[in-house]
Every structure is written in structure tokens, then in C-alpha cells.
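1. Below are the sequence and a predicted model for it; my questions follow.
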Amino acid sequence: MVVVPDHDDIARLVAARIATIVRARAAEGRPCVLGLATGSTPIGVYRELIRMHREEGLSFAHVTTFNLDEYYPMAPDNVHSYVRYMWENLFSQIDIPREQVHIPRGDLPRDEVEAHVVAYEAAIVKAGGIDFQLLGIGKTGHIGFNEPGSGAESRTRLVALDMVTRRDAAADFFGEENVPREAITMGVATILAAREVAILATGEHKAAIVRRAVEGEVAVDVAATFLQRHPGTTFYVDAAAAADLTRVATPWLLDEVKWTDALVLRAVVWLSQTTGKAVLKLTERDYAEHHLSSLLARHGSAGDVNGMIFNELGSRIRGRSKLPSGQRMICFSPHPDDDVISMGGILRKMVLNENQITVAYMTSGNIAVFDHDVRRYVDFLARLARDQRLDVEAIEAMRARVLAFLAQKKPGDVDSAEVQDIKRVIREAEAISGIETIGLTATAARFLNLPFYQTGKVRKDPIGPADVAIVKQLLRTERPQLVFVAGDLSDPHGTHRMCKEAIESALAELKADDPSFEQPEVWLYRGAWQEWPITEATWLVPISQDELRLKIQAIFKHQSQKDSAPFPGQDDREFWQRVDARNKETAAFLDRLGLAEYFAMEAYVVA
Ligand code: F6R
């Protein structure tokens, strides 16, 4: 098990390991066989391998590859095909000979699949077996597409995809109904036959399945558990994906621990949760019965420790009177709506405290607008034009072009520039209406439209100098004393993570360029998918019933995302419902610990 802080660290480590094997085989004059995966997780590894090929002369001329899987049916040139994914993300940028690449075929007639999968297995054996197998892990615990029910003896075959997997892929396919129902995948036995296996997982959304795969019983309902029997397997996880592992979440249950302040806090909160008692009511016996005697030995009586933690948590609560006033601040919102979804409550308080607030929308969010909304808006425009005698001809011509484009568009097709623009404008108008609801005016909004997002596709480009330059320019003109940044790691498309990277790079460059530039304080927010755990939060901000109502009204203004968002993830609830539940739950958690009873709460971490 390798636990590293960040997903970039995993990319570097795993790529370095692959390079070592590739070079060792080359030195022996033997071919090297790699088993490869697709999905979002290995992209960083491929990028690093490409860099090593370009800058360090790493050659793949003697490498043979076998990919884990492919959707069925699937044409190789389809945007969703794993053939296309592999060529775009790796093969076209390294020196691997085409005939040494193997990917299961999704374009064969059904009656030819059986012979194909047998031949695929035979080709692996003929190549000498897999030296190194790269894996991701799905929410079902699948490796390859070995869904629950896949046995340890399974080989390459056609399988039905699990509902959870299809739902996870729904965003990429623009709707669950477009996700294929089947796939061809290497079997569990095929994977276990590899000499070395690296399984990668990043983000909070993988934490529960990583725990099940590593600590759970070996069982057919979670294919990744079979790796427990493979001595050459290494799990590479970032801190977020490792968070539920016993050794990380409750290490005192396993071994002696070094009691830091942060760990004492987590242990006491955990004890309160586990026993169902308020912090101030925990007894010596509770500590002893839950492997926490060493904590008391180090920090004094139960009463002392309880009091210390109670006071610590209490000191993190910041109502309006304890929040900044009269300061310059920027709220960086990755998409137009994260501002109000994640921090609508504190924004309202900051408005009342007469701060000078800029809300910077980093991307247009155009990809998440449905086509039917575009039709509705162009219809509105045409009607208004006729009614008000605006430029009817120009507007009708635009409407005709847009409708013709949408009529022939297939799911997943990239929108025309004109349609992308209309979608962007729809979201801009919603964003303005949202911040007006909480008391700001349109002049507070800046639409940065960062270039990395402008692919028109779900998959984005990496953050580049052009993105950083735009953020720097804004920081230079606004000179904020405080900035709010989305600290989510589980954003399904990585956009939040990339926006954070752009801001961090901009701040670092400003510091280097101009030592007199006053670095703002950085407050990280979460909340679109998850809230900060109470034990990690620096500040807990109480939200009254009225404030929560206003916040939800501001979220309602993002109408294109309401009722059914194009990218809802696994949670069927609308964003405002999640916010309502999450903010109330944070307050209720504090209440259960025996602190004051608040209506709702948002949480922030000072970076
Ligand atoms: C991909 C594959 C899958 C993915 C898994 C995780 O070839 O076989 O098992 O590795 O679904 O996907 P991401 O990395 O997108 O979370």
C-alpha cells in the first residue's frame, strides 16, 4: 500500500515503476508486456510516460500492450471507444509499433466474440504473459469490467455492465441510456496471472470501495478483493481515497499511535460518535474500552480531554460578528453555481458585513446545459424580436442555424461554437441572478472562461500558462485579502481540482514575480458533493433558517441545472436538496457532540 498526498504523486511513482520495468526488459534484450487501463485515473500516468519518452528517451519499441477492456458494441473510432482513448492519451505520442497494441474489439458481430476472446487470451500467453498490469477500481469494486459476481477463475469474456457502472459513465455518454449495456473484459484470472499489479485510486468517492477492497473479505461481489491473494500487488492511493482505511481513519485500533492534536480531536469525536454520548459525558471507561487509554495517559483525565476538545470545537464556530468585514475578497467558483451551492450562506454574511466581493466564475459550465434549453432560449429571442421589432432577420437566421445543428447532433457530439456560446450565456445570466438573490450586483461577477475548459467535451485539457495568466491578472487588479477556493477532490470531471491548481500556480507566480504582493488568506470550501468533516474544518459557520432559504433560492436561479442536472452523479437528489441536507447535518453532528444546537452550518478549511 502506497499512500501519497496527491494524485500527481501517484502518476510520477507508477510511471517511474513502469519505466524501470520497460528499461530492464530492454537491457535484457527481451520484450516487455504491459496490461493497460482506461478511465480517468491513469491519465496522469500516461502523461508522465509521454514526458519520459520525449525528455528522457524512454522507448516503447519493444513493448507489447494488452488493454483490459472495451465497451460492446463499440466502433473503434467512436469518441467513447477505449481504442480511441488509448491512441489519444498514449500510443500516438510514443514509439510503440501499431501491431504490438492489443485492445479487445467492440466492433465484431456477436457470433465472432467468443473466438475473439479466446484468441485474446492466447495472444497474452504467446507474448510471454503480462509483466505489469495497471488497474483502476470502479465504485462496484470492479477491476477491468469484472462486475460483482465475477469469479476468481474468470477469463476474457463478454459481460453485462452493472447499473452503478453505467450510471458513473452516464456523464461521459450524455445520458445513462446511451451507455452500452455490455463490455468485453479480461477476467479476474487473466489479471491475477500478471507478474506485478498496480491498482490506483484517487478522490473521496473511491474511499469506501478502497476500504472494502483492502480490508474486506475476499468475495465475488467485489472483484478487487481477489488482489489480496496476489503477492505482487501494490495499491497506490491518494490521501482522499485512503481516508476510510482503518490505518488512516482510526489508527489507534491497530497500533500504538503518536498523539498529535489533530489525532486527539479525531479520536474523541469518533469516541463520541461510537458511544452515542456527548463529548463532555465521555468517561474514563469509554476511553479504556475503545483502545484510547494511551490518549488519557498522555493528556490527563477524561474530564481534561473532554473539556479541551469541547472548547476546541466551540472556538471554530464563527457567526457573522466573528467574520471579516470591510475586506476585499474573491470567491472563485469553478462552475457558475458552485458559489451559491457551496458557500451561499457565508456569502450572504459577507455581503451584510460590507465586504468588497468579487465572484470569479472560472469556467463557462456550458457543457452542462441541455439542448432543449437552447431551443427554448432561441425561441424566446425570436418571439421577443418579432414583438419588439428587434433585428428579426438576424435572429431568425441564428435560430435556423442553431435548430438545424441540434437536429442532426448525436449524443456526445461537440456543440458548434454558436451553441457553446448560447449555453455559456445562459449560465452567465443565471449566475448573475443567483448573486443578486444574496444581495450582490452584476458588477461583482467576472467570467474568466478559462481556456482549459473550452474543449466542448467532458474531458478537459490540463491547466496551462494561459489559464494561470488570466487568474493572475484578476488577482493583480483586485488585490484580495481573502480568497475562497473550491477544495473538492471528488468532482467527477476534475474541474474543481484543476481550478484549484490554476489559482495555486497564479498565487505562487505572483509571489515569485513581486515579493510585495500581499498574499491573500485562502479559505477552501466544499459542498457540492461532500462537506468538510467537522474534525478537519477550521471554521464552522452557522446558517439560520432564513439564510438557508435565501441560499436555496439563489441555487434555484441556476435553472438549467434544476429538476434534472445533466451530471447528477450517483445521488438522485437535486443540488439544493443535497445542500439542505448537508448543511443541516453538519449542524446536527455538532449538536450530537454536545455543542450548541444550530439550524444549519457551512464548513471551511484555511489552507
Ligand atoms: C478501465 C477499467 C475500469 C476503470 C474503473 C475506474 O479500463 O477497466 O475498471 O479502471 O472503472 O475508472 P475511473 O478511473 O474513471 O474512476
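-> Great, that's in hand.

2. make it CA atoms for all contacts and neighbour counts henceforth
-> Will do.

3. just to confirm, which helix or strand has residue 476 in it?
-> helix 465-478 (DSSP states H and E).

4. now what about that helix, what contacts it?
-> 328, 330, 448, 450, 451, 452, 502, 503, 505, 506, 507, 510 (Cα atoms under 8 Å, 6 or more residues apart in numbering).

5. Tell me which two of these sit farthest apart.
-> 328 and 452 (27.2 Å; Cα to Cα).

6. Which residues of the protein lie near the ligand?
-> 37-41, 68-69, 135-138, 142-145 (Cα under 6 Å from any ligand atom).

7. now with 8 Å?
-> Contact residues (Cα under 8 Å from any ligand atom) of the chain with the ligand: 36-42, 67-70, 82, 135-139, 142-146, 165, 185, 200-202, 206.

8. Show me where the stretch 151-300 of the chain has its strands.
-> 157-160, 182-185, 196-201, 233-238 (DSSP state E, counting those that start in this stretch).

9. Which strands or helices does the first one pack on?
-> It stands for strand 157-160. Counting contacts by 3 or more Cα pairs under 8 Å, 6 or more residues apart in numbering; DSSP states H and E, strand 157-160 is packed against helix 110-126, strand 182-185.

10. same question, the third one
-> With contacts taken as 3+ Cα pairs under 8 Å, 6+ apart, strand 196-201 sits against strand 132-135, strand 233-238.

11. Please repeat the previous calculation with a cut-off of 10 Å.
-> helix 7-28, strand 32-36, strand 132-135, helix 207-215, strand 233-238, helix 239-242 (3 or more Cα pairs under 10 Å, 6 or more residues apart in numbering; DSSP states H and E).

12. circling back to that earlier point, so how far is the following helix or strand past the helix holding residue 476 from its chain's centroid?
-> Downstream of helix 465-478, the next assigned helix or strand under DSSP H and E is strand 482-486. Its chain's C-alpha centre and that of strand 482-486 lie 18 Å apart, by Cα atoms, centre = their mean, to the nearest Å.

13. that older thread, give me the subset of the contacts of helix 465-478 lying in helices.
-> 502, 503, 505, 506, 507, 510 (DSSP state H).

14. Pick the one among the residues you listed closest to residue 436.
-> Nearest member of those to residue 436, counting by Cα to Cα, is residue 503, at 25.2 Å.

15. what's the closest non-adjacent residue to that closest one?
-> Spatial nearest neighbour of residue 503, excluding adjacent residues (Cα to Cα, 6 or more residues apart in numbering): residue 471 at 6.4 Å.

16. circling back to that earlier point, for ChimeraX, what selects the buried ones among the residues of the chain next to the ligand?
-> The buried residues among the residues of the chain next to the ligand can be selected in ChimeraX (16 or more other Cα atoms under 10 Å) with this line:
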select :36,37,38,41,42,67,68,69,70,82,135,136,137,138,139,142,143,144,145,146,165,185,200,201,202,206
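
17. Residues touching the helix or strand of the chain with the lowest mean pLDDT, excluding its own?
-> One helix or strand of the chain scores below all others by mean pLDDT, DSSP states H and E: helix 163-169, with a mean of 89. If you take Cα atoms under 10 Å, 6 or more residues apart in numbering as the criterion, helix 163-169 is touched by 39, 80, 138-142, 145, 147, 162, 170, 173, 175-182, 492, 567-570.

18. what does stretch 314-327 give?
-> 308-309, 346, 348-357, 480-482, 534, 537-543, 590, 595-596, 601-604.

19. Quick check: which ranges of this structure have low pLDDT?
-> Under the criterion pLDDT under 70, the flagged ranges of the chain are 456-459, 489-493, 564-570.

20. Report how many residues lie close to whichever residue of the stretch 301-450 of the chain sits closest to the ligand.
-> Nearest residue of the stretch 301-450 of the chain to the ligand: residue 412, at 17.1 Å (Cα to the nearest ligand atom). Applying other Cα atoms under 10 Å, we find 18 other residues in the vicinity of residue 412.

21. Weed out the non-buried ones from the contacts of stretch 314-327.
-> 308-309, 346, 348-351, 353, 355-357, 480, 482, 534, 537-543, 590, 595, 601-604.

22. Of those, which belong to strands?
-> With strands taken from DSSP state E, the overlap with the buried ones among the contacts of stretch 314-327 comprises 356, 357, 482, 539, 540, 541, 542, 543, 601, 602, 603, 604.

23. Show me the two of those that sit farthest apart.
-> Checking these with Cα to Cα, the most distant pair is 356 and 601, at 23.0 Å.
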